[in-house]
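*Asks:* Give the three-dimensional model of this entry:
(2 chains)
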Amino acid sequence: MKIDKNTINKIARLSRIKLDGKESEDYIKDLNSILDWVEQLNEVNTENVEPLSNISSSILPKREDVSNDTNSSEEILENAPDKLEGFFAVPKVVE
Amino acid sequence: MNNLIKGEKYDWEMVIGLEIHAQVKSNSKLFSSSSTKFGSSPNSQVSLVDAAMPGMLPVINKYCVEQAVKTGVGLNAKINNYSVFDRKNYFYADLPQGYQISQYKYPIVGEGKVTIDFKDGTSKDIRIVRLHLEQDAGKSLHDQNPSKTYVDLNRSGVALMEIVSEPDIRTPDEAGMYISKIRSILMYLDTCDGNMQEGSLRADVNISVRKPGDEYGTRCEIKNLNSIKFIKQAINYEAKRQIEILESGGSIEQNTMLFNTSTGKTRPMRNKEEAHDYRYFPDPDLLPLEISKEEIGKIKSSIPELPDELKNKFIETYKLSNYDASVLTAEKQTSDYFNETINSDPELKNHAKIVVNWITSELFSLLNKNNQDLNNSPVSPENLGQLIKLISTNEISGKIAKDVLEDMFSSGKTARQIVDEKGLQQVTDQGEIAKVIDEVIAENPKMVEQYLAGKDKLLGFFVGQAMKLTKGKANPKMLNDILKQKLNKKN
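*Replies:* Just a heads-up that it's a prediction; the model follows:
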């Protein structure tokens, strides 16, 4: 797999990251070398090997369905750049 | 059944599939302990996990998992012992994580099916592709301020079950019946409250059109419909739109549409070119979800009687029609009410059809008129049972019973009390009825003449007069029989 100019632009757009020409050149290089490195794994024969999803052999911890009654409003909005009557206020997103 | 719709040039068939989002009825969210209560003040039920603060980790709610399994069993579906949570990545102001935790390749529930019943007694299976667990997003308010969107994260992280159907649906009515059936199953199972107004149950509709026998056409998806009426409207509009394009030589572009509930029209969403690149990958914060056979068995054994089983039981026990039985079992409160009514007196078991009619037409229309719900009906099942018994034993006529029911509804009295107080007992004394008829005949000699001369319609007039004299209390059948007898004797 190779990353080209189009791919890097698409990834940047999807991630809402603005890249200038120089930066995208750097990222193309960096990402390609990361991919090349990871692709060495292709040399290993993995036929009939189940994908490993869990290295700790522990199981998914679960909680009981108990809700807390704390009012989070103040804490949650503390860092909001803009708010109104308990709502986050963000630039208009129209759909 | 002919399900085709006429275009200008050809007949077309709709092909419809639904993705239903059903909110799990739980106290806390899927991955956090915040409350799921509806209608609380904005952002008051948002934990640091729901707000996606750095370093917060999701811990799954055991109860939500059980509810998903339960629902899977109710949909006659395969329960997967192994499923995986993935991240579905997209940017939106009401999605603090920048991704929704969902299930992609390995959902918790696989293929299943539900049956819908038509009025003509036939039925049809709609196949289910899958059911998976996922997080809900927050809520955005766009119409409060010209330059701002307001965001409330109370819903963020609430557990949803997404139920995906095969494209087996062919008409807007079938789509409505399908979602009603899913809603009914969820409510019997008590895994979702089924409240469409509050958004606990909503659907995305996939629709394409084709000429009968052709391959599937290109489909469009209409997002986020929260009533059966809107689902039907949106399907009708969208099908017409597609047919017009195809008949004028165009082709359908695969698109995500929004439905405007005030204009009744669909329009494509913007920013569509990237909309479907969600870059799913397994969520590294969550281990795969494994459920043992024993756990599944335990959940299965806790499943209550479901609408279809109950329907078959009603058909068998009470010899009801498929349609009557499906109306009774569509909502749990209706079947509960029917059960309580018919069991309130051993005599009523032989009059099941009458019981059905009195519940689904007379009582329902009174409830509707007064904007009330069967759950808090002023007429209890026992009292309705008593009224029906008075009808079945001929103590009062059906016509008078309607007035009695209205009286019961407003006064809260029992049928017995009202009938006794007002002296509404049906007159079944042959002699008494005959006396009244003699009176009517004596008073209307001209009419009698005309009747005897062949004007059969006048029979109704005599019945009416006699009923008037008895204040509607004469047994109608006896009245008719005796009247005919007497008139014919004159001949």
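*Asks:* Now do the domain split for chain B, please.
*Replies:* Structural domains assigned to chain B are B:5-300, B:307-422, B:430-490, following automatic domain parsing.
*Asks:* export these to TSV and tack on distance to residue A:87?
*Replies:* Every residue, glycine included, has its C-beta placed from N, CA and C. Formatted as TSV, the entries for the domains of chain B read as follows, by distance: least, Cβ to Cβ, whole Å:
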stretch	distance to residue A:87
domain B:5-300	4
domain B:307-422	32
domain B:430-490	62
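*Asks:* of all those domains, which lies closest to chain A?
*Replies:* Using Cβ to the nearest Cβ as the criterion, the shortest distance between chain A and those is 3.5 Å, found for domain B:5-300.
*Asks:* quick one: the closest one to chain centroid distance?
*Replies:* Averaging C-alpha coordinates over domain B:5-300 and over its chain gives two centres that are 18 Å apart (Cα atoms, centre = their mean, to the nearest Å).
*Asks:* And the average pLDDT for that domain is what?
*Replies:* Regarding domain B:5-300, the rounded mean pLDDT is 94.
*Asks:* That domain spans what distance, first to last residue?
*Replies:* Terminal residues of domain B:5-300 lie 42 Å apart, using Cα to Cα, to the nearest Å.
*Asks:* what about the helices in chain A?
*Replies:* With DSSP state H as the definition, chain A shows helices at residue ranges A:5-14, A:21-39, A:73-77.
*Asks:* Same check on the stretch 201-350 of chain B?
*Replies:* Along the stretch 201-350 of chain B, the stretches classed as helices by DSSP state H, counting those that start in this stretch are B:228-247, B:293-301, B:307-318, B:322-329, B:332-342.
*Asks:* Go through the longest one and flag the buried ones.
*Replies:* Along helix B:228-247, these residues count as buried under the neighbour rule (16 or more other Cβ atoms under 10 Å in any protein chain shown): B:228, B:230-239, B:241-243, B:246.
*Asks:* Now tell me what touches that helix from outside.
*Replies:* Under the contact criterion Cβ atoms under 8 Å, 6 or more residues apart in numbering or on different chains, helix B:228-247 has outside partners B:5, B:7-10, B:12, B:14, B:16, B:172-173, B:175-176, B:179-180, B:196, B:203, B:205, B:207-209, B:217, B:220, B:222, B:225, B:251-252, B:257, B:259, B:261, B:264-266.
*Asks:* ok, 6 Å please
*Replies:* Here helix B:228-247 makes contact (Cβ atoms under 6 Å, 6 or more residues apart in numbering or on different chains) with B:7-9, B:12, B:14, B:172, B:175-176, B:207, B:209, B:222, B:225, B:252, B:259, B:261, B:264-266.
*Asks:* And the last one, by the same measure?
*Replies:* Where contact means Cβ under 6 Å, 6+ apart, the residues beyond helix B:332-342 that reach it are B:187-188, B:310, B:328-329, B:348, B:355, B:359, B:374-375, B:381, B:384-385.
*Asks:* In ChimeraX, how would I select the buried members of those?
*Replies:* Entered in ChimeraX, the line below selects the buried ones among those, by 16+ other Cβ under 10 Å:
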select /B:187,188,310,328,329,348,355,359,374,381,384,385
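*Asks:* May I ask which two of the contacts of helix B:332-342 are separated the most?
*Replies:* In the contacts of helix B:332-342, two members sit farther apart than any others by Cβ to Cβ. They are B:187 and B:348, at 25.9 Å.
*Asks:* Now residue 3: closest residue in space that isn't a chain neighbour?
*Replies:* Going with chain A. Counting by Cβ to Cβ, 6 or more residues apart in numbering or on different chains, residue A:3 lies nearest to residue A:31, which is 4.7 Å off, once chain neighbours are set aside.
*Asks:* My question was about chain B, not that one.
*Replies:* Here the nearest residue to residue B:3 in space, its sequence neighbours aside, is residue B:170; by Cβ to Cβ, 6+ apart that works out to 4.6 Å.
*Asks:* same deal with residue B:390?
*Replies:* With sequence-adjacent residues excluded and distances taken as Cβ to Cβ, 6+ apart, residue B:390 is closest to residue B:396, at 4.9 Å.
*Asks:* Quick check, the one you found in contact with residue B:423.
*Replies:* No. In terms of Cβ atoms under 6 Å, residue B:396 does not count as a neighbour of residue B:423; the distance is 10.7 Å.
*Asks:* Look at these two and report which has more neighbours.
*Replies:* residue B:396 (23 against 8; other Cβ atoms under 10 Å in any protein chain shown).
*Asks:* what kind of secondary structure is the more buried one in?
*Replies:* Going by DSSP: H, G, I helix; E, B strand; the rest coil, the secondary structure assigned to residue B:396 is coil.
*Asks:* give the contact list for it.
*Replies:* B:390, B:419, B:424, B:426.
*Asks:* Which residues of chain A lie near chain B?
*Replies:* Residues of chain A lying close to chain B by Cβ under 6 Å from any Cβ of the partner chain are A:16, A:53-54, A:60-63, A:65, A:67-68, A:71-73, A:76, A:86-90, A:92-93, A:95.
*Asks:* any idea which of the contacts of residue B:396 has the most stuff around it?
*Replies:* Within the contacts of residue B:396, residue B:426 tops the neighbour count with 24 neighbours, counted by other Cβ under 10 Å.
*Asks:* thinking again about what came up before, what's the PyMOL line that selects buried ones from the contacts of helix B:228-247?
*Replies:* A single PyMOL command is used to select the members of those judged buried by 16+ other Cβ under 10 Å:
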select buried, chain B and resi 7+12+14+172+175+176+207+209+222+225+252+259+266
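*Asks:* measure the residue positioned nearest the centre of chain B to residue B:322 for me?
*Replies:* The centroid of chain B falls nearest to residue B:180 when counting by Cα atoms, centre = their mean (3.8 Å). Distance of residue B:180 to residue B:322, computed by Cβ to Cβ, to the nearest Å: 16 Å.
*Asks:* likewise residue B:124?
*Replies:* Here the criterion is Cβ to Cβ. By it, residue B:124 lies 13 Å from residue B:322.
*Asks:* ditto for residue B:112
*Replies:* If you measure residue B:112 against residue B:322 using Cβ to Cβ, the figure is 22 Å.
*Asks:* circling back to that earlier point, I'd say the residue nearest to residue B:3 and residue B:12 touch.
*Replies:* No. Checked against Cβ under 6 Å, the pair residue B:170 and residue B:12 is beyond contact range at 10.9 Å.
*Asks:* hmm, back to that, which of the contacts of helix B:332-342 scores worst on pLDDT?
*Replies:* Within these, the minimum per-residue pLDDT falls on residue B:375 (88).
*Asks:* Tell me the helices and strands packed up against the helix or strand containing residue B:12.
*Replies:* Residue B:12 is located in strand B:11-23, with elements delineated by DSSP states H and E. Helices and strands in packing contact with strand B:11-23 are listed as strand B:159-165, helix B:172-189, strand B:201-210; criterion 3 or more Cβ pairs under 6 Å, 6 or more residues apart in numbering or on different chains; DSSP states H and E.
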